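Undergrad: okay, here's the prediction I keep looking at, along with the sequence it came from:
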Amino acid sequence: MSNPMRETPTWRIPFGIITLFLAIMVYAIAIARYAPDLIGGWPGWAQTIAYLLLGVIWLLPLKRFLIWMETGRWGAPEPLPDPDDETR
């Protein structure tokens, strides 16, 4: 069975880490700058929900970005066939 780990480094890993860091910083600064003006007058419970959603929403594109960093493709790779599968 072949080793699924990459043996040679790619430029996507350091580029992806730097890009991810910068994107999170820009997102965090934008939220810190504009969210209080938009939701500052809301009740405390609504602000809590809004900040929780804003704190988690950046995770949505993360899976595809990490796949791209590892494989160079935006979608998940096809699974390898199971050698123990007897249906073939």
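TA: Now that the structure is in, tell me what you want to look at. This structure is a prediction, so every number in the text was calculated from the model and none was measured. Numbering: from 1, shown residues only.
Undergrad: once you drop chain neighbours, what's closest to I13?
TA: Nearest residue to I13 in three dimensions, chain neighbours excluded: M69, at 5.8 Å (C-beta to C-beta, 6 or more residues apart in numbering). The C-beta positions use only the backbone N, C-alpha and C, and glycine is treated the same way.
Undergrad: let me know the helix or strand that that neighbour is in.
TA: Using DSSP states H and E, M69 sits in helix 62-71.
Undergrad: just how off-centre is that helix within its chain?
TA: Relative to its chain's centre, helix 62-71 lies at 7 Å (C-alpha atoms, centre = their mean, to the nearest Å).
Undergrad: packing partners of it?
TA: helix 12-39 (3 or more C-beta pairs under 8 Å, 6 or more residues apart in numbering; DSSP states H and E).
Undergrad: which residues touch the residue nearest the centre of the chain?
TA: For the chain, the residue lying nearest the average C-alpha position, counting by C-alpha atoms, centre = their mean, turns out to be L62 (1.0 Å). Going by C-beta atoms under 8 Å, 6 or more residues apart in numbering, L62 touches L20.
Undergrad: tell me the pLDDT of it.
TA: Note on L62: pLDDT of 89.
Undergrad: can you check R6 too?
TA: R6 is given a pLDDT of 67.
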